[in-house]
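Q: build me a structure from this.
(one chain, ligands or ions: 1)
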Amino acid sequence: MSDETLSPQDIAKRAAGVAAIDRYVTSGMKLGLGSGSTSHWMVRTLGEQVRAGLDVVGVPTSTDTAEVARQAGVPLADLDELGELDLTLDGADEIDRQLRMIKGGGACLLWEKIVATASRRMVALVDDKKLVDRLGAFPLPVEVVRFGWRATQRQIERLLAAHGLERAEITIRGGPTTPLLTDSGNIILDCRLGAIADPDGLTVGLNTIPGVVENGLFCGIADAALIGYPDGTARELGSA
Ligand code: 5RP
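A: Now for the predicted structure:
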């Protein structure tokens, strides 16, 4: 894709996705392959390197990424065939300076968290607009089972109120009649929170609610972030 057809944010995403391969990937690695447009730049670049002789195997974090990887010629395997992965490279919707993230804008948060936590290292690939002082402007996705989802939503509202987030607005992604279903067949509740004072406490609390499968807060998971800029450069935050 030529630069004329890309927005400055897309150029920044491409910068992070492309630079990640050169910076972190070596032959023989077992890789977690993230989801979303930034990750797909990374997967396509990985495919070019595989065609040039790089020997890696990837575990996709969504059916979409599996398709992109197949088209790019990246060998894929099942997570349970590979055991622990060397590295996961994945995007994020927001990231703070402690490398805590909101993920799940593409509804892939469950597989993304399973794959990231099955990896020795995780590096977030983001454009510069994703770096925030405080998480929460991006609606927090919470994956819940369809059975009794309104009861689960009420429990989430109670927990949010206990975290000082009583004005949170929760919507079911896709709407109640045609809800979006995740790759695991669950639904997503998007929680508009504004600002999250205690992401570490909130992620633990959410995951204790029956009906909640996983939430989009990723705390203590990323080792570093590679931040892309509209001038085509990428810089590391943290250390992988
Ligand atoms: C999908 C994700 C993505 O990594 C996140 O939404 C970022 O996507 P993009 O790179 O397109 O901005 O968490 O569930």
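
Q: next one: stretch 23-32 to chain centre, how far?
A: 18 Å (CA atoms, centre = their mean, to the nearest Å).

Q: show me what that stretch is in contact with.
A: With CB atoms under 8 Å, 6 or more residues apart in numbering as the test, stretch 23-32 has contacts from 46, 49, 54-59, 61, 77, 82-90, 115-116, 118-119, 121-123, 226, 234, 236, 240. Just so you know, the C-beta spots here come from the backbone N, C-alpha and C atoms, and that holds for glycine as well.

Q: quick one, which of the residues you listed are buried?
A: Neighbour counting with 16 or more other CB atoms under 10 Å marks 46, 49, 54, 56-59, 61, 82, 85-90, 115-116, 118-119, 121-123, 226, 234, 240 as buried within those.

Q: so which of those residues are in helices?
A: In this view, the buried ones among the contacts of stretch 23-32 that belong to helices under DSSP state H are 46, 49, 82, 115-116.

Q: what's the farthest-apart pair in these?
A: Farthest apart among those by CB to CB are Gln49 and Ala116. That separation is 21.6 Å.

Q: export the ones in helices among the buried ones among the contacts of stretch 23-32 to JSON lines and tack on distance to the ligand and pLDDT?
A: What follows is those, written out as JSON lines (distance: CB to the nearest ligand atom, whole Å; pLDDT from 0 to 100):
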{"residue": "Leu46", "distance to the ligand": "15", "pLDDT": "98"}
{"residue": "Gln49", "distance to the ligand": "20", "pLDDT": "98"}
{"residue": "Leu82", "distance to the ligand": "21", "pLDDT": "97"}
{"residue": "Val115", "distance to the ligand": "11", "pLDDT": "98"}
{"residue": "Ala116", "distance to the ligand": "10", "pLDDT": "98"}
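
Q: which of these lies closest to Thr182?
A: Nearest to Thr182, judged by CB to CB, of those is Val115 at 14.3 Å.

Q: neighbours around the residue lying closest to the closest one once chain neighbours are set aside, how many?
A: The shortest distance from Val115 to any non-neighbouring residue, by CB to CB, 6 or more residues apart in numbering, is to Gly32 (4.0 Å). Gly32 is flanked by 28 other residues according to other CB atoms under 10 Å.

Q: and Gly32, what helix or strand is that in?
A: According to DSSP states H and E, Gly32 maps onto strand 30-33.
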